[in-house]
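Asks: Here you go, sequence then predicted model.
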Amino acid sequence: MGSTSWAARLFLSCLVAGGILAGMAAGTPAGVPGGSSPVAVPARAPATAPAVPDQAYETVDAFLREQIDVLGIPGAALAVVRNGVQVHSAAFGRADDSGRAMTAQTPVLLASTSKSLTALAVMQQVEAGRLQLDEPVRTYLPWFTLKDNRSASITVRHLLHQSSGMASGDTAFEASDAQGPEAIEEGVRALSGSPLAGEPGEAFRYASANFNVLGLLVQTVSGQPFGDYMEQHVFGPLGMAHSHPTRAAAREDNMASGYSLWFGAFWRPTDVPAPSTGMPSTTMYASAEDLGHELVALLGEGRYGDRPLLQPESVDALLTPRARVDGSKEYAMGWFTRPLSESAEVDGDVPRVLEHQGEWGNSHTFKAMVPASGLGVALVVNANDTSAPSRLKALDSNVLRILHGQPPAPTVVQEDWLQRYSWVVSLALLLAELLSLALALTVLVRTGLFRKRAPTRKRWFLLAYAVTALALDAFALWLCLIYAPSRFETNLAVIVRQFPDVGISLVPVLLLAIVWPLPRTVLLARVFTSRPAPGRRQST
């Protein structure tokens with residue numbers, strides 16, 4: 001058994017390393033793709049004299065070019081509006097591996113910045129009298145239910161303000177591949193098995209499923225498929241010629257490829273699931289320039305040029321926060337809001353900024369408005385670093401700072417250790433599981449596949465190995481099935497599909513941890529308990 005000693009030591013070292021990796025995890029997770037949170041703002045720098053507009057735009061462009069080089073981001077595009085006019089647009093880098101240039105008209109997967117577009121459609125139906133904000137969802141979808149009787153009291157307004165009581169971890173859909181027109185209704189019907197995390201209307205709980213239900217409400221009361229409705233009643237009036245409700249339509253319009261950062265080292269195009277189930281909340285597509293059109297309408301009391309999209313009172317309701325997130329942050333209808341002073345120092349009364357980010361496994365988007373100054377900003381990036389999304393979120397807050405005459409602040413990575421190095425943890429677990437498998441096979445071969453009993457002096461090793469291997473399997477299952485989904489408020493399928501560099505290791509880890517323990521234990525037990533062959537003297 002001497003040849004197994006080195007392997008045993010290496011196996012135990014990997015196990016200890018895996019425990020240390022998980023044990024070092026601390027802090028609050030930044031969340032997973034599909035979700036979004038208020039911008040994490042770094043410490044403010046001292047105020048500087050405001051830049052004239054042309055200088056500010058040049059500074060923003062220079063900053064983004066620099067960050068694309070530093071971070072290795074494939075491409076990005078920006079649009080800035082002020083007082084009802086698009087005053088600046090720019091694009092940087094490439095849209096795909098062919099070298100095609102990114103442009104301000106290139107569609108990108110929006111992720112959670114889709115929500116504000118759906119809110120426009122909902123308010124149009126409120127104006128038409130087909131929806132009422134304080135009516136229960138069941139008024140329009142009598143079959144709607146969750147695994148909680150309180151779901152009967154969820155209203156349209158609760159959904160818009162993310163206060164329905166649904167939680168993202170219980171309603172995650174981001175791993176689905178559904179692309180058909182029926183996917184939205186199927187996804188909402190699938191919520192019937194989901195619990196409520198709290199009383200409807202009681203508190204803010206971010207869940208993209210809220211807006212998926214809203215999309216189905218628009219589809220139901222308008223009598224039109226949600227995607228068709230958006231094209232005809234939102235994208236059309238806003239002149240959003242490069243915005244699309246489906247992946248197929250966006251591809252026909254030369255959408256940008258999405259990139260993921262693999263193993264913290266290199267960017268590669270990654271086909272992360274973007275199901276039509278989440279069209280109203282996360283999987284619509286638009287260009288930076290088109291998002292600027294939306295901002296022009298919202299800052300212009302619901303009008304885009306000579307086209308009325310919403311009445312001023314509807315826009316006011318849409319942008320008025322009614323749910324407290326934390327501290328100074330609140331949530332309106334598809335918009336987070338907070339004091340602008342948390343990003344940039346300003347003189348006089350402190351205005352508020354309304355904003356939303358979109359985070360997917362392979363894209364990052366950002367929209368912001370400062371109604372007091374008529375400023376709007378849209379930024380799209382055809383990539384995302386799911387291990388440390390705060391690096392891209394820092395672009396968002398720094399663009400706001402630059403446009404308000406402030407220098408960009410240093411990027412502060414805010415994700416905890418487990419999220420930043422989850423690919424290391426998954427690779428370490430895979431190595432430990434493979435070493436465990438190799439050790440078991442070595443023991444079985446050396447004992448003649450149970451034809452001879454292990455020497456007495458080595459039986460302790462068999463027992464210690466069997467117990468340690470089971471502990472490794474239990475640790476892997478606990479980390480993957482319980483701890484990580486709870487910490488990142490999603491489920492394992494989403495982690496595997498949206499974190500591709502992690503998923504490539506986790507899948508074989510889970511297979512080994514689920515399938516191999518029982519036969520391994522049975523086989524080792526037979527070796528442990530087998531009697532010496534007749535006439536042979538058992539060594540000690």
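Replies: That came in fine, so what should we check first?

Asks: Contacts only, for the nearest residue in space to Ser153 that is not next to it in sequence.
Replies: Distance criterion CB to CB, 6 or more residues apart in numbering; nearest residue to Ser153, sequence neighbours excluded, is Pro200 at 5.0 Å. For glycine as for every other residue, the C-beta is placed from the backbone atoms N, C-alpha and C. For Pro200, the residues meeting the contact criterion (CB atoms under 8 Å, 6 or more residues apart in numbering) are 150-151, 153-155, 158, 163-165.

Asks: Those residues, buried ones only, as a PyMOL selection?
Replies: With 16 or more other CB atoms under 10 Å as the burial test, the buried ones among the contacts of Pro200 are selected in PyMOL as follows:
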select buried, resi 150+151+154+155+158+163+164+165
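
Asks: Angles on the backbone of Ala90, please.
Replies: Main-chain torsions, Ala90, degrees, to the nearest 10: phi -160, psi 160.

Asks: Can you read off the pLDDT for Val39?
Replies: On pLDDT, Val39 comes in at 36.

Asks: gap between the residue nearest to Ser153 and Glu330?
Replies: Noted for Pro200: a distance of 18 Å to Glu330, by CB to CB, to the nearest Å.

Asks: Tell me the spacing between the residue nearest to Ser153 and Ala471.
Replies: Going from Pro200 to Ala471 by CB to CB gives 43 Å.

Asks: cool, Ser426 as well?
Replies: Here the criterion is CB to CB. By it, Ser426 lies 18 Å from Ala471.

Asks: give me the element Phe366 is part of.
Replies: Phe366 belongs to strand 363-370 when assigned by DSSP states H and E.

Asks: quick one: average pLDDT of that strand?
Replies: So the average pLDDT for strand 363-370 ends up being 97.

Asks: likewise stretch 281-300?
Replies: According to the model, stretch 281-300 has a mean pLDDT of 97.

Asks: starting at the chain centroid, how far to that stretch?
Replies: For stretch 281-300, the separation from the chain centroid amounts to 20 Å (computed by CA atoms, centre = their mean, to the nearest Å).

Asks: for Val221, what are its contacts?
Replies: Val221 sits next to 125, 130-131, 140 when contact means CB under 8 Å, 6+ apart.

Asks: Which one of those residues is nearest to Gly376?
Replies: Taking CB to CB as the measure, Gly376 lies nearest Gln125 of the contacts of Val221, at 24.5 Å.

Asks: SS state for that closest one?
Replies: Of the three states, Gln125 takes helix under DSSP: H, G, I helix; E, B strand; the rest coil.

Asks: For it, which non-adjacent residue is spatially closest?
Replies: Leu131 (4.3 Å).

Asks: so how many other residues sit close to that neighbour?
Replies: The number of residues packed near Leu131 is 22, by other CB atoms under 10 Å.

Asks: and it, that's in a strand?
Replies: No - with three-state DSSP as the criterion, Leu131 is located in coil rather than a strand.

Asks: and it, how far is that from Ala484?
Replies: 38 Å.

Asks: Tell me which stretches of the stretch 201-350 of the chain form strands.
Replies: 259-262, 266-269, 285-286, 303-304, 307-308, 323-326, 329-331, 336-339 (DSSP state E, counting those that start in this stretch).
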